[in-house]
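Colleague: Show me the folded form of this:
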Amino acid sequence: MNLKEIQQIAIAAAYHAGKILYSHYGHLKNIQKKGVIDLVTEADVASEKMIKKIIQNRFPDHGFIAEESGRSNSESSHKWIIDPLDGTTNYAHQIPIFAVSIAFAEADQPLVGVVFNPISQELFTAVKGQGAMCNGRLIEVSKTNQFSDSILVTGFPYNLHDIIDPLIKRFARCLESAQAVRRLGAASIDLCYIASGKFDGFWEQNLKPWDTAAGMLIAQEAGAQITNFSNNPYHYEMPEIVASNGFIHNDLINRLTI
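Modeller: Numbering: from 1, shown residues only. So this is what the prediction gives:
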């Protein structure tokens, strides 16, 4: 496969989807709650349809793992993993931290990743083995090597009830020993901010493939270490992820082990 062409198509799809999200975003204010939910759903679905249309025009036989439409052409070894709107709650409340996330995988290994925030205009991209970029400039993870100096980021799943106790315990253990912990509400952006050195470590559980497939490649290409909570190699089909600059990884894993 021509990965440069794949990347260009992914970027084009992300930009077009981002325009859709941006156009709906401006109409969310002063709408009743039910109307906001409907408008967000409309934006989410329209974004995904646009992404799939652009990709299918060039690669009609490729498979998809997408948040809205699920899995299709699963037998194909070439798959696109799509989150048309990562950070839905932020978007609904006009918090400008959300993104379009698109990954291309061959034999279930991500080879191209694109994450685009249409508000900040941050475009994060990576091709396997070629490094990671933000708006065309190479990025790399931070060099923070003391856990007490680290800035961490995490996320909380929608279905909290079954995991609330271990979730709070992990959060507390990190909060008491790191410099600070943040919660942005969009895993793709969390991973890209690990990649660009804004954050030093990230963990989250109950994730789906479209939450992490693009961001994990971008982070890895920027030098991040990525595992599951057991410190084994991470795959986007796994529900839990730990990503860091590498220096603090074992310390972070230790605090997540309960």
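Colleague: how about Tyr236, what does it touch?
Modeller: 81, 103, 105, 110, 209, 212-213, 216 (CB atoms under 8 Å, 6 or more residues apart in numbering). Yep, even glycine has a C-beta here, placed from its N, CA and C like the rest.
Colleague: most neighbours, which of the residues you listed?
Modeller: Thr212 (33 neighbours; other CB atoms under 10 Å).
Colleague: ok now do that one, which residues does it touch?
Modeller: Contacts of Thr212 (CB under 8 Å, 6+ apart): 187-188, 191, 234, 236, 241.
Colleague: Now which of these would you call buried?
Modeller: Among the contacts of Thr212, those classed as buried by 16 or more other CB atoms under 10 Å are 187-188, 191, 234, 236, 241.
Colleague: Counting only strands, which of these make the cut?
Modeller: Ile241 (DSSP state E).
Colleague: Check the contacts of Tyr236 and tell me the two furthest apart.
Modeller: Pairwise distances across those peak at 11.8 Å for Ala105 and Thr212 (criterion: CB to CB).
Colleague: Glu42 reaches His24, doesn't it?
Modeller: Yes: assessed by CB atoms under 8 Å, Glu42 is found in contact with His24 at 6.8 Å.
Colleague: and the gap between the closest residue in space to Phe247 that isn't next to it in sequence and His249?
Modeller: Nearest non-adjacent residue to Phe247, counting by CB to CB, 6 or more residues apart in numbering: Asn145, 4.0 Å away. From Asn145 across to His249, the span is 11 Å (CB to CB, to the nearest Å).
Colleague: Repeat that for Lys52.
Modeller: For Lys52, the distance to His249 - CB to CB - is 36 Å.
Colleague: coming back round to it: who's more crowded, Asn145 and His249?
Modeller: Set Asn145 next to His249 and count neighbours by other CB under 10 Å: His249 wins out with 20 against 13.
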